[in-house]
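Asker: sequence unavailable; structure follows:
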């Protein structure tokens, strides 16, 4: 392990191992990770050197890409869902490897003596409810609340925000793998007077899976619906 710096204030940690004939970590084309400061958190992404990926049975077919989308409730308090088209090619066993997800959710309304909430989730299959990371087909979820109780004044409340997960852990290569052609973004507000929006940015890359891996991924995704 060695440490380096990019720019002025963005620490970079590179973890890798040497291949045969490689004299230094800089020469290694094997697994490398970079961490850089983003806002008030840390974002981890996988840096790829060549097509062979650390993920067993997958081979990269694209550079890192970003996909953005948004969804809005049709009526306040009803589930809104948007289909995010990935345009994967099933004939080539193509999948999308998700390395990072950012969910941006509207704040709940401040309503006197009322607890309000806005939830959002990103899933690999369509849903009839907003999901959490306890659901197998959910890649990421966000939850914003204003909680009021009897001990508070009628116009007071405590806000809470939660988003899980935003990026892959340092010990992992990805958050999830999407094997079918679409991802789905859901939003749901509770006891708000206004309709609510959710926005998402998905980071990842396209990859080709071995036939057996692709079949298993598709079956797992369908069964998780």
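Answerer: It's in. Please read all numbers here as calculations on a predicted model, not as lab measurements.
Asker: and residue 221, how many neighbours?
Answerer: Other residues within reach of residue 221, judged by other Cβ atoms under 10 Å, total 20. No exception for glycine: its C-beta is placed from N, CA and C like everyone else's.
Asker: checking it next. Helix, strand or coil?
Answerer: helix (DSSP: H, G, I helix; E, B strand; the rest coil).
Asker: wait, it touches residue 181, no?
Answerer: No. In this structure, residue 221 is not within contact of residue 181 by Cβ atoms under 8 Å, at 10.8 Å.
Asker: show me where the chain dips below the pLDDT cut-off.
Answerer: Applying pLDDT under 70 to the chain flags residues 1-55, 150-156, 163-172.
Asker: could you redo the last one with a cut-off of 90?
Answerer: 1-57, 110-114, 147-174, 220-225 (pLDDT under 90).
Asker: strands along that one, start to end?
Answerer: All strands of the chain, identified by DSSP state E, fall at 2-6, 10-14, 32-38, 41-47, 58-60, 65-72, 80-85, 94-105, 116-123, 138-147, 158-164, 176-178, 182-190, 197-209.
Asker: residues contacting residue 132?
Answerer: With contact taken as Cβ atoms under 8 Å, 6 or more residues apart in numbering, residue 132 is in contact with 121, 138, 141, 143.
Asker: make that residue 148, sorry
Answerer: So residue 148 contacts 113, 114, 115, 156, 157, 158 (Cβ under 8 Å, 6+ apart).
Asker: so which of those residues is the closest to residue 85?
Answerer: Nearest to residue 85 among the contacts of residue 148 is residue 115, at 35.9 Å by Cβ to Cβ.
Asker: what distance do you get for that closest one to residue 147?
Answerer: 5 Å (Cβ to Cβ, to the nearest Å).
Asker: ok, back up a step: deepest of the strands of the chain, which one?
Answerer: Of all these, strand 116-123 has the most neighbours on average by mean count of other Cβ atoms under 10 Å, namely a mean of 25.
Asker: show me what that one is packed up against.
Answerer: The contact analysis (3 or more Cβ pairs under 8 Å, 6 or more residues apart in numbering; DSSP states H and E) places strand 116-123 against strand 94-105, strand 138-147, strand 182-190, strand 197-209.
Asker: how about a markdown table for the ones you listed, with distance to residue 81 added?
Answerer: Output for the helices and strands packed on strand 116-123, formatted as a markdown table (distance: least, Cβ to Cβ, whole Å):
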| stretch | distance to residue 81 |
| --- | --- |
| strand 94-105 | 14 |
| strand 138-147 | 13 |
| strand 182-190 | 5 |
| strand 197-209 | 10 |
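Asker: who wins for proximity to residue 76 among these?
Answerer: strand 182-190 (6.0 Å).
Asker: could you check the angle that closest one makes with strand 65-72?
Answerer: Here strand 182-190 runs at an angle of 40 degrees relative to strand 65-72 (axes from the mean of the first three to the mean of the last three Cα atoms, to 10 degrees).
Asker: now for strand 182-190, which elements pack on it?
Answerer: Strand 182-190 packs on strand 65-72, strand 80-85, strand 116-123, strand 197-209, going by 3+ Cβ pairs under 8 Å, 6+ apart.
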